[in-house]
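> With the sequence up front, the predicted model follows.
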There are 2 protein chains.
Amino acid sequence: MALNLMETLKGYLKEKGLKQTRQREVIASTFFKTDKHIGIEELLEKVKNIEPSIGYVTVYRTLLLLKECGLAHQRNFGDGQSLFENAGEHHDHMICIKCGKIVEFEDDRIEALQEEVAKNYHFKIVSHRHEIYGACSFCQTE
Amino acid sequence: MALNLMETLKGYLKEKGLKQTRQREVIASTFFKTDKHIGIEELLEKVKNIEPSIGYVTVYRTLLLLKECGLAHQRNFGDGQSLFENAGEHHDHMICIKCGKIVEFEDDRIEALQEEVAKNYHFKIVSHRHEIYGACSFCQTE
DNA sequence: TCTTCCTTGAAAGTTACTTTCAATATAGTT
DNA sequence: AACTATATTGAAAGTAACTTTCAAGGAAGA
């Protein structure tokens, strides 16, 4: 699995004319081993155990790169720092009450908060349903 | 309505031995007139139209005060700045798939993100439904 | 091997708060 | 109304967490 992720990253690098480097290899593989949110500093610490010369900025830029190619999501909780996590996938729905059109949406931040809420209630999530009802852009104007 | 909010604020001030000032009056009443999120700088601009001598810090501190007494909520979107909004009320549900127990929850941050998502799709929200299904703390252990 | 363009790490810069501090303004008391 | 203790204000300095700059070094195709 971590292999697939690394392959995806390498494909993206090649496609964009970017280069594979030892630093990116180390940072990405370390990140992929983490199965929950991780901050830049925290990831930097882990990475330094493998390659002490790697600096904050490179970790930072590599995470942006992973985000760019869809392998990571960036989260903002209220504590002032960004956390990154392995990308998953999910969809919820927005339904137009006039024309019935259904639009899929997904928002990782909502998913994360939902998990946080459930955790506060010691509730173990199996599934969820999140639907927004209203008027789509077209139906608002007629 | 804005009166009730002002009264609530004044009650809180008295209760805590804090003082009523012209600045707090202006900032709070301006804030209460806003029915959507507002940033510190944005509120500062409005407030300066009424009382030009009021500074950023006072707006900042007054918003923290409003947050403290439950009259405002602070939001953190990914764009690096905090937005504040008039406190409202809302509930969603968490449903246990084993015992059927229903727990109400509310999370302003989820509500705000939902609005943001809808806005991105030019969708006008009328209502929504957000349900989390899973195992409650009791049912997880048996 | 050559050459071009990408990367890196350190340092400087930015953004958006957050705290400090001396001057000023409340509000209870006289 | 005047007095006094304590809270509040605004400007400026301080922080935290990025974000950008820049010169040196490193990939990768020719």
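That came through, no problem. Numbers count the residues shown, from 1 in each chain, chains lettered A, B, ... in the order given.
> Can you give me the pLDDT of A:F32?
On the pLDDT scale, A:F32 is placed at 93.
> looking at this, it is in a helix?
Yes: assigned with DSSP: H, G, I helix; E, B strand; the rest coil, A:F32 falls within a helix.
> do you know how far the residue lying closest to A:C96 once chain neighbours are set aside is from B:K124?
The shortest distance from A:C96 to any residue other than its chain neighbours is 3.9 Å, reached at A:C136 (CB to CB, 6 or more residues apart in numbering or on different chains). Glycine gets a C-beta too; all of them are placed from N, C-alpha and C. Plainly put, A:C136 is 8 Å away from B:K124 if you go by CB to CB, to the nearest Å.
> for A:K124, same thing?
35 Å.
> likewise A:T34?
For A:T34, the distance to B:K124 equals 39 Å [CB to CB].
> what does A:H122 give?
From A:H122 across to B:K124, the span is 36 Å (CB to CB).
> Give me the secondary structure label for the nearest residue to A:C69 once chain neighbours are set aside.
In space, and not counting its chain neighbours, A:C69 is closest to A:Y12: 4.0 Å by CB to CB, 6+ apart. Three-state assignment for A:Y12 (three-state DSSP): helix.
> And A:Y12, what's its pLDDT?
pLDDT at A:Y12 comes out at 96.
> before we move on, what about A:F77?
58.
> Equivalent analysis for A:D108, please.
A:D108 carries a pLDDT score of 81 in this model.
> so what's the nearest residue to it once chain neighbours are set aside bridging to?
Setting aside the residues directly before and after it, A:D108 is nearest to A:H73 in space (CB to CB, 6+ apart), at 4.5 Å. Following DSSP bridges, A:H73 is listed with bridge partners A:E85.
> Neighbours of A:H73, how many?
Each residue near A:H73 was counted by other CB atoms under 10 Å in any protein chain shown, and the total is 19.
> on that earlier part again, for A:C136 and B:K124, indicate the residue with more neighbours.
A:C136 (22 against 16).
> So that one sits against A:C99, correct?
Yes: with contact defined as CB atoms under 8 Å, A:C136 reaches A:C99; the gap is 6.6 Å.
> Which residues are in contact with the residue sitting nearest the centre point of chain A?
Central residue check for chain A by CA atoms, centre = their mean: the C-alpha nearest the mean position is that of A:H73, 1.5 Å away. If you count contacts by CB atoms under 8 Å, 6 or more residues apart in numbering or on different chains, A:H73 has them with A:K67, A:F84, A:E85, A:N86, A:A87, A:D108.
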